[in-house]
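Asks: Need a 3D model of the following:
(one chain, ligands or ions: 1)
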Amino acid sequence: MCGIVGIVGQQPVSERLVYALKRLEYRGYDSAGIATIDGGALDRRRAEGKLVNLEARLNEQPLAGTIGIGHTRWATHGAPKERNAHPHFTAGIAVVHNGIIENFAELKDELTASGAEFHTETDTEVVAHLLARLRRDGIGRREAMFAMLRRLRGAYALAVLFEDDPLTIMAARNGPPLAIGHGDGEMFLGSDAIALAPFTNEITYLIDGDWAIIDKTGVHIFDIDGNVVARPRQVSSDVAYMVDKGNHRHFMEKEIYEQPEVISHALGHYINFIDNRVVPVWDIDFAKVPNLALSACGTAYLAGLIGKYWFERYARLPVEIDVASEFRYREIPLSPQSAALFISQSGETADTLASLRYCKEHGLKIGAVVNTRESTIARESDAVFPILAGPEIGVASTKAFTCQLAVLAALAVGAGRARGTVSEQEEQALVKSLAEMPRIMGQVLNSIQPKIELLSRELSKCRDVLYLGRGTSFPLAMEGALKLKEISYIHAEGYAAGELKHGPIALIDENMPVIVIAPHDRFFDKTVSNMQEVAARGGRIILITDEMGAAASKLDTMHTIVLPNVDEIIAPMIFALPIQLLAYHTAVVMGTDVDQPRNLAKSVTVE
Ligand code: AGP
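Replies: Alright, predicted model coming up:
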């Protein structure tokens, strides 16, 4: 994940900016830079690789100034080279950015047509040029910032320096977080409180749509419509020196809300957003493998089940999948020409590792989809596919799950291209859908919480809950059930909707709510029939669907949660959000230990 810092100070800021960036190193990055204003002049230093390289550059060419911004970059658009490192400059304006600007290509064309000269492959540079053009048209800084933000579509956190205003930093948030630190005659800006902990623990968090003007005396915050708003100023907990909960009650809640940000970094590692292609720099040649084995545990296994649908549908690649604790005892006939993918957030799960070693003994090419690149599973694999979700502290996996899905989707599409089963046009359409996820996730997370909290109070009174789904919503139904039972301790089961009549329907009564995950896809009508079977027996239905599904379903449900209409390939990641929040809020109502549920460990390193 990228990191942003800023300081409007009374003392030189260069060293403190770098120190703050070091506190964001846990987010992962591949280049870094800072910019300051000194004596009316804006200047920057940038370096590829780790922060020590930036420090060496600053030792050679120091940067003075008591105002500045800094950035650690995880490349999404453009190679991880110095030329693409932030801050990006043009016409006395410096910008640092975290996230994805989805409409950057059309903005770049428009700006190029009006004479802008671009020097990088990044989406961020369009922000600097948009501001420069507005300022050339005589628009004031504040109005220019407001006008620029209304042109952007996507998920972003921004910090901006104007050379002709050495007293303020402008910032904006729409997805990736931004924290403002209150100092004594100085003000600070960072991607989270961890970066600011050395300077202050008095923090104000911007919310999506907010933008701000920060000077030494404080901060002026505006909402998406330009109205002045106040956001709470709070004392960040001591934990900020480790990993920070931000303004969330639990790590799980924070990690649910981090998904728009982290998924953009997961995608950025596998997708070239300029030509909407999957970037197949992999050590597994999917064109040559006759089939694929998949193995994992728990939530990671359920991500693999969804991945199976995609590999078989897009790459026409037969997939053999099982939970790791069963996989190697089945003595599956494996051929050395096959490949095997092991999915693991921790990269240390003993069952998964044992299955990996079983496949390795049989000569298969081994791939690891992991969140911890230096883990045992990663080290023992031929190919590592990082999910870049950042540290996941809550035992119940949330952001790792959706990042696992994002990576599996990219791999499946890339495998399809390699095997000639996905055309270039189909690939571009699928990649465009994937690129919309950060923005859509942000919209969903900002809209469904009140209804989910209401529903969780009713769910907390239940003893049993049934989740149903078809297609990729079937593994998602199992994930919803797993989330609910592992943190609220309410018994829950996930079932293929079509299987209801083959047994589970005997359970249906008014005491067991049935949560139906049903985007308006090719399975919707059949799932409606299953819901009618439930309703006819007095069952209470909670329908999670999209706008088209809500319009089409005439059923009398207990609740209907309506999400945006989305393409089929991103539906599992978008529909994961309500089931994660439902489990979270139900557990909060139940008063269980959400982050450390009883009997559970974050990584199960025993078989
Ligand atoms: C998920 O919410 C659970 N905590 C658990 O099922 C987890 O997914 C499983 O133990 C696998 O862990 P891993 O991804 O670290 O291998």
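Asks: Skip the chain neighbours and tell me the closest residue to Lys485.
Replies: Distance criterion C-beta to C-beta, 6 or more residues apart in numbering; nearest residue to Lys485, sequence neighbours excluded, is Ala492 at 4.8 Å. For glycine as for every other residue, the C-beta is placed from the backbone atoms N, C-alpha and C.
Asks: close enough to count as contact, the one you found and Leu466?
Replies: Yes - using C-beta atoms under 8 Å, Ala492 is in contact with Leu466, at 7.3 Å.
Asks: Which neighbours do these two have in common?
Replies: Shared contacts of Ala492 and Leu466, defined by C-beta atoms under 8 Å, 6 or more residues apart in numbering, are found at Ala481.
Asks: Just want to know which of these two has more residues nearby.
Replies: Remark: of Ala492 and Leu466, Ala492 carries more neighbours, 26 against 23, as counted by other C-beta atoms under 10 Å.
Asks: Am I right that that one sits in a strand?
Replies: Yes - assessed with DSSP: H, G, I helix; E, B strand; the rest coil, Ala492 lies in a strand.
Asks: what's near enough to touch it?
Replies: Ala492 neighbours (C-beta under 8 Å, 6+ apart): 464-467, 480-482, 484-485.
Asks: For my notes, please list these in CSV and give secondary structure and pLDDT for each entry.
Replies: What follows is these, written out as CSV (DSSP: H, G, I helix; E, B strand; the rest coil; pLDDT from 0 to 100):
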residue, secondary structure, pLDDT
Asp464, strand, 96
Val465, strand, 97
Leu466, strand, 97
Tyr467, strand, 98
Gly480, helix, 98
Ala481, helix, 98
Leu482, helix, 98
Leu484, helix, 98
Lys485, helix, 97
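Asks: Mind checking which of those residues are buried?
Replies: 465-467, 480-482, 484-485 (16 or more other C-beta atoms under 10 Å).
Asks: which of those lies closest to Ile271?
Replies: Minimum distance to Ile271 across these is 27.4 Å, recorded for Gly480 (C-beta to C-beta).
Asks: looking at it, the closest one is touching Ile517, isn't it?
Replies: Yes - at 6.8 Å, Gly480 and Ile517 qualify as touching, with contact defined as C-beta under 8 Å.
Asks: beta partners of the residue nearest to Lys485?
Replies: Residues in a beta bridge with Ala492, per DSSP bridges, are Val465.
Asks: What's the mean pLDDT across stretch 533-550?
Replies: Here stretch 533-550 scores 94 as its mean pLDDT.
Asks: Report the backbone C-alpha coordinates of stretch 554-569 in CSV.
Replies: These are the backbone C-alpha positions of stretch 554-569, laid out as CSV (Å, rounded to 0.1, in the frame of the first residue of the first chain):
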residue,chain,number,x,y,z
LYS,A,554,-41.5,-9.6,-5.6
LEU,A,555,-40.8,-11.6,-2.5
ASP,A,556,-41.8,-10.4,1.0
THR,A,557,-38.4,-10.6,2.8
MET,A,558,-37.4,-9.8,6.4
HIS,A,559,-34.8,-7.5,5.0
THR,A,560,-33.3,-6.8,1.6
ILE,A,561,-29.8,-5.3,1.3
VAL,A,562,-29.4,-3.7,-2.1
LEU,A,563,-25.9,-3.3,-3.7
PRO,A,564,-25.0,-1.7,-7.0
ASN,A,565,-25.3,-3.8,-10.2
VAL,A,566,-21.8,-5.1,-10.8
ASP,A,567,-20.2,-7.3,-13.4
GLU,A,568,-20.2,-11.0,-12.5
ILE,A,569,-16.4,-11.2,-12.0
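Asks: Got phi/psi on whichever residue of the chain sits closest to the ligand?
Replies: Residue nearest to the ligand within the chain (C-beta to the nearest ligand atom): Gly298, separated by 1.8 Å. Main-chain torsions, Gly298, degrees, to the nearest 10: phi 50, psi -130.
Asks: Disregarding residues adjacent in the polypeptide, which is nearest to it?
Replies: Excluding the flanking residues, the one nearest Gly298 by C-beta to C-beta, 6+ apart is Leu482, at 6.7 Å.
Asks: Check Glu55 too.
Replies: Using C-beta to C-beta, 6+ apart and skipping the chain neighbours, the partner closest in space to Glu55 is Val18 (6.0 Å).
Asks: And the next helix or strand past whichever strand or helix holds Met531?
Replies: Element membership of Met531, judged by DSSP states H and E, is helix 524-536. Per DSSP H and E, helix 524-536 leads on to strand 541-546 as the next helix or strand towards the C-terminus.
Asks: got a list of what His4 touches?
Replies: Not His; residue 4 is Ile. Ile4 neighbours (C-beta under 8 Å, 6+ apart): 69-71, 96-98, 157-159, 178, 189-191.
Asks: Quick check: buried residues in the helix or strand containing it?
Replies: Using DSSP H and E, Ile4 maps to strand 3-8. Neighbour-count burial for strand 3-8 flags 3-8 (criterion: 16+ other C-beta under 10 Å).
Asks: on that earlier part again, for Phe251, see how far away the residue of the chain closest to the ligand is.
Replies: Using C-beta to C-beta, to the nearest Å, we find Gly298 at a distance of 18 Å from Phe251.
Asks: what's the answer for Arg153, then?
Replies: In terms of C-beta to C-beta, Arg153 sits 30 Å off from Phe251.
Asks: Next, work out how far apart the residue nearest to Lys485 and Leu305 are.
Replies: From Ala492 to Leu305 the distance is 17 Å (C-beta to C-beta).
Asks: ok, now Ala396?
Replies: From Ala396 across to Leu305, the span is 18 Å (C-beta to C-beta).
Asks: Between those two, which has more neighbouring residues?
Replies: Counted by other C-beta under 10 Å, Ala396 and Leu305 do not tie: Ala396 has more neighbours, with 28 against 20.
Asks: what about the residue nearest to that one when sequence neighbours are not counted, is that helix, strand or coil?
Replies: Sequence neighbours aside, Ile487 is the residue nearest to Ala396 in space, at 5.0 Å (criterion: C-beta to C-beta, 6+ apart). Recorded secondary structure, Ile487: helix (three-state DSSP).
Asks: count of neighbours near Ile487?
Replies: 27.
Asks: go on, Lys108?
Replies: Lys108 is flanked by 19 other residues according to other C-beta under 10 Å.
Asks: so it touches Ala128, yeah?
Replies: No - applying C-beta under 8 Å as the test, Lys108 and Ala128 come out as separate, 11.5 Å apart.
Asks: Helix, strand or coil: sort out Gly99 for me.
Replies: Assigned with three-state DSSP, Gly99 falls in the strand class.
Asks: All further residue positions should be reported with the first residue as 21.
Replies: Happy to do that; since the first residue is 21 now, the last one works out to Gly119.
Asks: what pLDDT does it get?
Replies: pLDDT for Gly119: 84.
Asks: now Ala260
Replies: pLDDT at Ala260 comes out at 46.
Asks: For the protein, give me the ranges with low pLDDT.
Replies: Along the chain, the model assigns pLDDT under 70 to residues 21, 46-48, 96, 257-264, 301, 625-627.
Asks: So which residues on it come close to the ligand?
Replies: For the chain, the contact set with the ligand under C-beta under 6 Å from any ligand atom comprises 317-320, 364-366, 369, 372, 415-417, 506, 623-624.
Asks: Filter the residues you listed down to just the buried residues.
Replies: Neighbour-count burial (16+ other C-beta under 10 Å) applied to the residues of the chain next to the ligand gives 317-320, 364-366, 369, 372, 415-417, 506, 624.
Asks: Cross the residues you listed against strands and list the overlap.
Replies: Of these, the ones assigned to strands by DSSP state E are Ser364.
Asks: Could you tell me which of the buried ones among the residues of the chain next to the ligand are located in helices?
Replies: Among these, the members found in helices (DSSP state H) are 318-320, 372, 506.
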